[in-house]
Structure formats: C-alpha cells, structure tokens
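In: I'll drop the sequence and a predicted model, then ask my questions.
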Number of protein chains: 2
Amino acid sequence: MNATAVPDTLTRSVEDYLKAIYRLSPEGRPAATSEIARLLDLSAPSVSGMVKRLSELGLLEHIPYKGVQLTETGRRAALRMVRRHRLIEAYLVQFLGYSWDTVHAEAERLEHAVSDTLVERMAAALGHPVVDPHGDPIPGADGSIHEAACTPLAEADIGQTVEIRRVDESEPERLRYLALLGLVPGVVLTVLDRQPFGGPVTVEAAGERHSIGAELAQVVLVAAGDER
Amino acid sequence: MNATAVPDTLTRSVEDYLKAIYRLSPEGRPAATSEIARLLDLSAPSVSGMVKRLSELGLLEHIPYKGVQLTETGRRAALRMVRRHRLIEAYLVQFLGYSWDTVHAEAERLEHAVSDTLVERMAAALGHPVVDPHGDPIPGADGSIHEAACTPLAEADIGQTVEIRRVDESEPERLRYLALLGLVPGVVLTVLDRQPFGGPVTVEAAGERHSIGAELAQVVLVAAGDER
DNA sequence: CCACAGTATTAGCCAAGCCTAACTCTGAGT
DNA sequence: ACTCAGAGTTAGGCTTGGCTAATACTGTGG
C-alpha cells in the first residue's frame, strides 16, 4: 500500500480544490478557508464541507479554525493538475493559435478531461517544455517542480537590465495589455526610472519606452538575463 | 426568441443522453427507454427521470410508455456533440499519434470539455475533414450531416470490388483486429467468396486474402469505389 | 481580562443524477 | 376478450457539492 497513492477517481471539484490549496500554500504554510472560498468563488461553508471530505480522503490535513495543508498525496494530485494545466496551455498556444490571454479558460476545463497519455503526448509534441506561455514552471510527471527565483519588476533597481521571466496569468485584460506593449517572457528590458510610493516604473524594451503602474509591475517577474 | 436555441449550460450527463438518443433514432423513429439505458449503462428508472427533465428543457418529446424523440433543439445539441467527438478523434489520430482503437475513450471525455473555438481550430488544422478515422461522417458546424449510403460487407456480392467506407467504432478489440488485417476505410477489396447462413466472407485486399466472420462483416460498411 | 469583529463551522436545505423496489401499462398470444 | 410477461414509471433513498442562516471560536483593543 502506497501512502502517497492518489485516488484515481477525483472529481472536478476535488481537483479544483487541491489546485487552489496548492496555490495558496507556497511554502507548505496552511491555507485559510476564506482564501480558498475567494479563489474558487464559493461560500465559506461549502469549503468547510469539502475540506472535511478531503481530509477524510487523506488529501489534506485540517486543523479546525486554523487552516488546511496538503498531505504528500494531496500535493502530488495538485501538481498533476498544475502540470496538465500548463502543458495544455503551452500546447494550445503552440499548435492551435491560442493567445496567452485566452488559453487559461480553455485549459481550466480541459485539465479535468485529458488522460495522462494525452498529457504526455502533448508534452512530447512540445519537446518537453519547462515553462508555460506565462513563464510558470511546468511540474515534471514525477511531481518535481523548479520555481525559479524572480523578483517583481516593481522592485528592480533603476539602471538594471533584466529579463521578463513570468507574468501572472489570472487576468486576461492585463495579459492583453502586456502583449500589446511587447512585455512577454524572454524580453530583455532596462529599468529607466521607478517612482517611490507605488509610482510607475519606466522601462525600455526593444527600443520602446513604457511607463508601467506599480500594480502591474508587481505581477511581472524578472531576473537578471543570465540567472537560471 | 429562437425556438431551436440550445441552452448553453448542458451537463455532461445531458450531453450523453442526447447523443445516445440521437444515435438510437436514425430516421427520427422514437427511441425506447430501455435502449437508452442499455447504451448508457444506466438503470431504466434513471433514464425515465432524465427523460422527464430533458422534455421539460424542450430537448425532446416524450410519449409515456411509447418512446422519446429529439426536438429540433435537442437534435442540434446532439449533432454538436457528434461533431465534437468525431473531430477530436480525427485530430488525436492525425496530430497526437492515437490509433483508431484508443481514440474513442479519449474523445468521449474531451467532447464535454472543449469550447466551440477549440473545435473549430482543430477542424481548421485538419483541413475540415468530412469523416473521422472510422469513416463516420462529421456533421457541419451548422448541424448538417451527410450519411453516405453504404452496405455491410456481409451483403456484398461475390466478385464485387468495393471500397471500405466505415467501421463501427464501439469495440476497440475489433478495430485492432481489422487494422491488423489492413482493412481500414479507403482500402479497396474484392469479394472472393461468401458462405450462406452466417458463413464467412473471403476477401482479397492489397494482395492478401482474409476470411472474415459474418458478425464482423456486418459492421464493415463498403460501397462501390466511385460512389460518393 | 473581556468584548467584539472577523473567521470558521454546524445545521439544515436544495438540485442533479444515480440506485432498488414496487407498481402500472402495453400488446401478443390464446 | 383476457392474461401475463416485459417494458416503463413512480416512490423513495443515496451521494456530491452547492447554498443561507445560525452558532462557535480566535485574537486583538480597550
């Protein structure tokens, strides 16, 4: 009996909960009921109820009134979904003409329907990529994941030349705007100016200057061009 | 108000019922509860209950103790699913290395998850095919469908030279066996012999002779090579 | 150290979809 | 015309996964 075996019949709901909880506990820090509810757009009692069921399934541990934490089994199941999601996104962008702002919604549905076989075929067709179109790392089939160290553009120093590594995918509008500006992963830019107290960041990329609000600069992650 | 508008939020279950009913009523002949139950592997009361709901949704008409018949709305919804299913099959075989015997199960799940956009992108990538890998016709996005006239190989006359057009996809084992024999849609063969009373059919295709049981010959549909 | 704001849980409800058991209808054969 | 097998439906129950309303816990400020 394998302690980290994932029950082979998880429902869509369960898969979504696991993914959400994984996202909410970067360092294994427990996730709060209310955070899960907000992320999944559900009521708090619904989350309480599901948390109970998931803990009975051995997918997470729940300390009442404190928070939840994925077990190793739960983490594997969550990473499996993350892998699927990101590979599907990469595949749709590469082979079926999707843009990086529309691909999330499609992947959100497909990730529950594809077989492991299909996921691996897509990975092979893509040449086993390590990041998705937003720069998010794709976990390995074995559950390994390498989160590269990045800093928000909002915290880069003036004069620094950095490469865009990763952009938060959750708001299509924002992605469209960034694509319009040509600020996508892989692009190298120089920070010309940064105003304090949430002021804008001015950057130069591909010969063009752009002034970016602090909020936006917070979700564009950059790293020195050679850092890998 | 459009009388044939399809409610935009059909559940997987509902989609499966519509597809099953469509399949069971070739000429608009009503489908029996028990047939639907058998096809979907459900109990008869479950079907009765769902039929009631579907008829309230305006997707079908139910004459108690007689049978059900899709409305125009229901037929459109069913054809939409059939189109999805067959295009997905064609796409997976063409681009992701699926074989014709394994593709059905994958399509069965994906057809509920893909968006119309994705379906059309796949259709475009395939060059808008008119049949799937088993030779089944793919309905148009407008709900049109062209069922070509074919006859079972079991009914072909001795000496006739015909082309394989279509093979029942429901049994993977059978598909594997036919592929092994090289008897796939598009292949031209000559009927060398046919024994009466459910006896085997002997054919020659690509220089090889094969003896095919009557049951199998019943689900391999053929037509004269030039009939379109 | 107590009150109270905010968070979490419990209680109780509902719809979708499935089930089995029990009843009802239909039509074929006598 | 009647019976009776088989098909169909109704009754009643279960699980999943939502909801709102009510209750309980936690920790911070006075």
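Out: Done, it's in. Numbering: from 1, shown residues only, chains lettered A, B, ... in the order given.
In: pull the contacting residues for the residue nearest to A:G135 when sequence neighbours are not counted.
Out: Spatial nearest neighbour of A:G135, chain neighbours left out: A:R166 (3.3 Å); criterion: C-beta to C-beta, 6 or more residues apart in numbering or on different chains. Just so you know, the C-beta spots here come from the backbone N, C-alpha and C atoms, and that holds for glycine as well. Contacts of A:R166 were listed using C-beta atoms under 8 Å, 6 or more residues apart in numbering or on different chains, and they are A:V131, A:H134, A:G135, A:D136, A:A148, A:C150, A:P185, A:V220, A:L221.
In: near chain B, which residues of chain A show up?
Out: Contacts of chain A with chain B, taken as C-beta under 8 Å from any C-beta of the partner chain, map to A:92, A:95-98, A:102, A:105-106, A:109-110, A:112-115, A:117-118, A:121-122, A:125.
In: do that again at 6 Å, thanks
Out: Proximity of chain A to chain B is confined to A:L96, A:E106, A:R109, A:L110, A:A113, A:S115, A:L118, A:R121 under the rule C-beta under 6 Å from any C-beta of the partner chain.
In: touching, the first one and B:V119? I think so.
Out: Meaning A:L96. No. Between A:L96 and B:V119 there is no contact under C-beta atoms under 6 Å: 10.5 Å.
In: what's the longest helix in chain A?
Out: helix A:72-95 (DSSP state H).
In: what's the distance between the most centrally placed residue in chain A and A:Y17?
Out: Centroid-nearest residue in chain A: A:D136, 5.5 Å away (criterion: C-alpha atoms, centre = their mean). A:D136 is 20 Å from A:Y17, where distance means C-beta to C-beta, to the nearest Å.
In: what residue, apart from its backbone neighbours, is nearest the residue in chain A that chain B sits nearest to spatially?
Out: Using C-beta to the nearest C-beta, A:A113 is the residue of chain A that sits closest to chain B, at 3.8 Å. Distances taken as C-beta to C-beta, 6+ apart place B:A113 nearest to A:A113, at 3.8 Å, with adjacent residues excluded.
In: number of nearby residues for that neighbour?
Out: B:A113 is flanked by 19 other residues according to other C-beta atoms under 10 Å in any protein chain shown.
In: okay but it is in contact with A:R109, surely?
Out: Yes. With contacts counted by C-beta under 6 Å, B:A113 reaches A:R109, the gap being 4.4 Å.
In: circling back: which strands and helices sit next to the longest helix of chain A?
Out: helix A:12-24, helix A:103-110, helix A:116-126 (3 or more C-beta pairs under 6 Å, 6 or more residues apart in numbering or on different chains; DSSP states H and E).
In: report the angle between the shortest one and helix B:103-110.
Out: Put simply, helix A:103-110 runs at 120 degrees to helix B:103-110, going by axes from the mean of the first three to the mean of the last three C-alpha atoms, to 10 degrees.
In: helix A:103-110 to helix B:116-126, inter-axis angle?
Out: Using the same axes, to 10 degrees: helix A:103-110 against helix B:116-126 is 90 degrees.
In: pull out the buried positions in stretch A:185-197.
Out: A:P185, A:V187, A:L189, A:V191, A:R194 (16 or more other C-beta atoms under 10 Å in any protein chain shown).
In: go on, stretch A:156-165?
Out: Result for stretch A:156-165 [16+ other C-beta under 10 Å]: buried residues A:A156, A:V162, A:E163, A:I164, A:R165.
In: could you export those as CSV, including pLDDT?
Out: CSV is the format used below for these (pLDDT from 0 to 100):
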residue, pLDDT
A:A156, 93
A:V162, 96
A:E163, 96
A:I164, 97
A:R165, 96
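In: now, the most widely separated pair of these?
Out: By the measure C-beta to C-beta, A:A156 and A:R165 form the most distant pair in the buried residues of stretch A:156-165, at 11.7 Å.
In: now the common contact residues for those two.
Out: Here A:A156 and A:R165 have A:V222 as joint contacts, going by C-beta atoms under 6 Å, 6 or more residues apart in numbering or on different chains.
In: for chain A, what lies in contact range of DNA strand D?
Out: A:11-14, A:16, A:41-43, A:45-46, A:49-50, A:53, A:65 (C-beta under 7 Å from any atom of the strand).
In: and those residues, which of them are buried?
Out: A:V14, A:D16, A:L42, A:M50.
In: what's the helix or strand for the closest residue to the third one other than its chain neighbours?
Out: For A:L42, the nearest residue in space outside its immediate sequence neighbours is A:I36; the separation is 7.8 Å by C-beta to C-beta, 6+ apart. Taking DSSP states H and E as the criterion, the element that holds A:I36 is helix A:33-40.
In: so for that helix, what gets flagged as buried?
Out: Those would be A:T33, A:E35, A:I36, A:A37, A:L39, A:L40, for helix A:33-40 by 16+ other C-beta under 10 Å.
In: wait, the second one sits on A:L24?
Out: Yes. Under the criterion of C-beta under 6 Å, A:E35 lies in contact with A:L24, with a separation of 5.2 Å.
In: follow-up on the earlier one: for B:L126, see how far away the residue nearest to A:L42 is.
Out: 41 Å.
In: same question, A:L54
Out: For A:L54 relative to B:L126 (C-beta to C-beta), the value is 40 Å.
In: that's all I had, so thanks and see you.
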